[in-house]
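Asks: Predicted structure and sequence below. I'll ask about it afterward.
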Amino acid sequence: MILLTRKAEFSASHYYWNEAWSAEENARVFGKCANRNGHGHNYTLEVTVAGEPDPVTGFVVDLKRLKETMEREVLAAYDHRHLNLEVPEFRTAIPTTENIAVAVWRRLEGKIEGAKLYRVRVYEMADLFAEYAGE
């Protein structure tokens, strides 16, 4: 089995807010991130697929097609967007790095021809990332 990883970047804004809590509780737990005006990040997304190389092409997956799938399914929806306000899955889920990784997995699962989705990694900054490898 070969693991193949494609990297992409996107920028998005968000805030952390739990509707079940008071404004005071949100501020206590999430601090500055509870500001409903939001704040932005530059994210790095890594999508890893697994499979066997095709005996004719040598590809596990055509990297151009993987890039197109990532752009269509994730980047078009997330890049330069306010995640809470513009992306359906974050109308009810707090757009933490962890939840973004799970949401990206769900957007990509079953849509990568010829390979199995193996891992999704989302970096919010150089020293923080969340990784999701399915359920």
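Replies: Ah, there it is.
Asks: quick one: average pLDDT of stretch 98-117?
Replies: Summarised as a single mean, pLDDT over stretch 98-117 is 95.
Asks: buried sites along that stretch?
Replies: Neighbour-count burial for stretch 98-117, counted by 16 or more other Cβ atoms under 10 Å, picks out 99-105, 107-108, 112, 115, 117. Glycine gets a C-beta too; all of them are placed from N, C-alpha and C.
Asks: what's the farthest-apart pair in these?
Replies: Pairwise distances among the buried residues of stretch 98-117 were taken by Cβ to Cβ; the largest, 24.4 Å, belongs to Asn99 and Ala115.
Asks: was I right about Ala40 contacting Ser11?
Replies: Wrong residue type there; residue 40 is Gly, not Ala. Yes - at 6.3 Å, Gly40 counts as touching Ser11 under the criterion of Cβ atoms under 8 Å.
Asks: Any stretches of this protein with poor pLDDT?
Replies: Regions of the chain meeting the criterion pLDDT under 70 cover residues 125-131.
Asks: And the strands in it, which stretches?
Replies: 2-14, 39-51, 81-82, 116-125, 128-132 (DSSP state E).
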